[in-house]
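**Q** Predicted model follows, preceded by the sequence.
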Amino acid sequence: MAWIPENAKKVFSWKSFDVYQWEQEMFDWSKKVFEKLKRNDSVDIVAIDKNNNIYILEEQHPWREPFFWLVGWTCEDWETPIETAKRELLEETWLKSDDWELFWSYTRSSRIDHKSNIFIARNCNKIQEQNLDAWEKIKIKVMNWSDFLCIVANPKFRVQEFALEVLREIFLWKEEELKNKIFKNI
């Protein structure tokens, strides 16, 4: 887990990242300066409707090729992860859910203080049209479990840590347990 010591000083601040540095004593009593990045936490959402269809995004930004992604984004300074998840689900997919569960939280790097949170949103239903940012083109893909696994295994799937966890469970012959955890037998 990434952490920034109390004696660290912020030496640079930018839109997405802050840079912190601190002096650390080594085992031989010499000193060395270390640094870490800090950014707001983020969320990804596995959105499921009452028929157990899973919603995946095919997204494109002006600066990159299309990719597959779970619904999600970075938390604003004033938001909790669940607040971000609910807002992003509504903005990007027009879906709303009252059945939320934190599936998994993880830290991607020991050099960046940033936690990713993956939520399951069950019994999603449409309540409005998409509300996209100017730099987003998003197609909503509705799929069953088998198609979902094909997308997760696709190199263009952006949430690689989630993909690794899903594929690990399948490799360990725990696919049914994983499905039960995600769907909660709706």
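**A** Perfect, I can see it now.
**Q** How much space separates the residue most central in space within the chain from residue 114?
**A** Of all residues in the chain, the one closest to the mean position by Cα atoms, centre = their mean is residue 44, 3.2 Å from it. Using Cβ to Cβ, to the nearest Å, one obtains 13 Å as the distance from residue 44 to residue 114. (C-beta placed from N, C-alpha, C; glycine too.)
**Q** Let me know the secondary structure of residue 155.
**A** Following DSSP: H, G, I helix; E, B strand; the rest coil, residue 155 is assigned to coil.
**Q** what's the helix or strand of the chain with the lowest mean pLDDT in contact with?
**A** Using mean pLDDT, DSSP states H and E, strand 112-113 stands out as the lowest-scoring helix or strand of the chain, at a mean of 77. Strand 112-113 is contacted by residues 2-4, 17, 20, 36-39, 107 when judged by Cβ atoms under 8 Å, 6 or more residues apart in numbering.
**Q** Just after it, pick out the following helix or strand.
**A** Reading on from strand 112-113 to the C-terminus, the next helix or strand found by DSSP states H and E is strand 115-126.
**Q** What are the buried residues along that following strand?
**A** 115-122, 124 (16 or more other Cβ atoms under 10 Å).
**Q** Tabulate those residues (TSV), appending pLDDT and distance to residue 60.
**A** As requested, those are exported to TSV (pLDDT from 0 to 100; distance: Cβ to Cβ, whole Å):
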residue	pLDDT	distance to residue 60
115	85	27
116	89	22
117	94	24
118	94	22
119	96	24
120	95	26
121	96	23
122	96	28
124	96	23
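**Q** what lines up beside the strand or helix carrying residue 59 in the sheet?
**A** Assigned by DSSP H and E, residue 59 belongs to strand 54-60. Under the criterion DSSP bridges, strand 54-60 sits next to strand 42-49 (antiparallel), strand 67-69 (antiparallel), strand 137-143 (antiparallel) in its sheet.
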